[in-house]
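*Asks:* here is the input, now give the coordinates:
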Amino acid sequence: MKTYKLEIIKEIPEVLKSKHPLIFVHGAAGGTWYFSNFQEYFKDKGFISYALSLRGHGHSEGIEDIHHFRLKDYVDDLKSVIDSLDEKPILIGHSMGGAITQKYIGLYQEEVKAAILLSSAKAGGIDENSPLGLFFSDARSFLRMMRKKTGMEKMTLDDLLNETIFNGRFSDQELEKIKKKLTQESHLVKKDLLKPYIAHDVKINIPVYVIGSFDDHIIGLNDLNETAKAFNTKPIILNKLCHFLTIDPNWEMAAIEIEIILAHILDDFVK
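*Replies:* Coordinates of the predicted model:
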């Protein structure tokens, strides 16, 4: 079996306030850069954190093999990080990273303290006819749908990114920098995202939290509610954050909610 060297960013605080590390799992086409703001924030709050670039993403190896990877391969990448730890981590997965997190706890929940899903792929798999489902399975149909929805018949790919994914939150110069960081995503993984991530007979016993935004045009309120219901919880809904809430200009709103969750679930957290 071929192995790939992964890019892993580790941040260590000067004063440790919890023994449980945070592991950040990025979404489609992303990398460790998704979480640079969050890692600095939680470093200041006393948490060790890890952000990994999945194989074929960021500065990890495997870019040439990207279309051979399955969602289970990304789960294996996450497991390789967790297996190196002495304490159970809290997993924090964004978008596709939320699907990876769900699949991981469906297989290895005993290795995890808790999970937090940020604008996550819907529990049970993405609806093939939803905006995100079309985005992954039929990009041309997705573009036609968004053109009709917005009334922008000549919407370009850049318009699509800016209006539907980034909500016009970034300048043209900022968007160019973001686009240069994005990678391709595996065609096989896109198909895997349409299927259930957790076997129907698996009961999840660890805490799972769901965070999203009213203004996310990719993961809607129905998706958030269904995911929260699957884990017997209620979603935390924020305002004015785009789908990429980890890099949104108001990203700190999401970080604060995560901090509140951590204070609630960690009995060793020193305030």
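*Asks:* quick check, residue 237 in a strand?
*Replies:* Yes: assessed by DSSP: H, G, I helix; E, B strand; the rest coil, residue 237 belongs to a strand.
*Asks:* residue ranges for the strands of the chain, please.
*Replies:* In the chain, the strands defined using DSSP state E lie at 7-11, 22-25, 49-53, 90-94, 114-118, 208-213, 236-238.
*Asks:* ok, how many other residues are close to the nearest residue to residue 15 once chain neighbours are set aside?
*Replies:* Counting by CB to CB, 6 or more residues apart in numbering, residue 15 lies nearest to residue 46, which is 5.5 Å off, once chain neighbours are set aside. Any C-beta I mention is one placed from the backbone N, CA and C, and that applies to glycine too. Residue 46 is flanked by 16 other residues according to other CB atoms under 10 Å.
*Asks:* OK, contacts around residue 46?
*Replies:* Residue 46 sits next to 13, 15-18, 270 when contact means CB atoms under 8 Å, 6 or more residues apart in numbering.
*Asks:* what are the phi and psi values at it?
*Replies:* With angles defined as degrees, to the nearest 10, residue 46 sits at phi 100, psi 20.
*Asks:* do you know how far it is from residue 12?
*Replies:* Distance, residue 46 to residue 12, by CB to CB, to the nearest Å: 10 Å.
*Asks:* point out where this protein drops to low pLDDT.
*Replies:* Applying pLDDT under 70 to the chain flags the ranges 131, 134-139, 142-143, 145-147, 149-157, 161, 268-271.
*Asks:* can you report how many residues neighbour residue 124?
*Replies:* Residues lying near residue 124 (other CB under 10 Å) number 15.
*Asks:* please apply the same query to the one 3 residues further on.
*Replies:* When neighbours are defined as other CB under 10 Å, residue 127 has 15 of them.
*Asks:* just give me the neighbour total for the closest residue to it other than its chain neighbours.
*Replies:* Nearest non-adjacent residue to residue 127, counting by CB to CB, 6+ apart: residue 133, 5.0 Å away. The tally of other residues near residue 133 (other CB under 10 Å) stands at 20.
*Asks:* contacts only, for residue 133.
*Replies:* Residue 133 neighbours (CB under 8 Å, 6+ apart): 126-127, 194.
*Asks:* ok, back up a step: out of the strands of the chain, the one nearest residue 176 is which?
*Replies:* Ranking the strands of the chain by distance to residue 176, with CB to CB as the measure, places strand 49-53 first at 20.5 Å.
*Asks:* now that closest one: how far from the chain's centre is it?
*Replies:* 12 Å (CA atoms, centre = their mean, to the nearest Å).
*Asks:* check which helices and strands that strand sits against.
*Replies:* On a contact count with 3 or more CB pairs under 8 Å, 6 or more residues apart in numbering; DSSP states H and E, strand 49-53 meets strand 7-11, strand 22-25, helix 36-44, helix 71-82.
*Asks:* pairing partners for it, with directions?
*Replies:* Here strand 49-53 is paired, per DSSP bridges, with strand 7-11 (antiparallel), strand 22-25 (parallel).
*Asks:* return the most buried member of those.
*Replies:* strand 22-25 (a mean of 27; mean count of other CB atoms under 10 Å).
*Asks:* using CSV, write out every CA atom in it.
*Replies:* The C-alpha coordinates for strand 22-25 follow below in CSV (Å, rounded to 0.1, in the frame of the first residue of the first chain):
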residue,chain,number,x,y,z
LEU,A,22,-7.9,19.7,18.8
ILE,A,23,-7.6,18.2,15.3
PHE,A,24,-8.9,20.3,12.4
VAL,A,25,-10.0,18.5,9.2
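*Asks:* for residue 32, grab the count of nearby residues.
*Replies:* Around residue 32 there are 23 other residues, counting by other CB under 10 Å.
*Asks:* how about the one 5 residues further on?
*Replies:* Around residue 37 sit 16 other residues, with neighbours defined as other CB under 10 Å.
*Asks:* relative to residue 12, how far out is it?
*Replies:* Distance, residue 37 to residue 12, by CB to CB: 17 Å.
*Asks:* and residue 68, by the same measure?
*Replies:* 34 Å.
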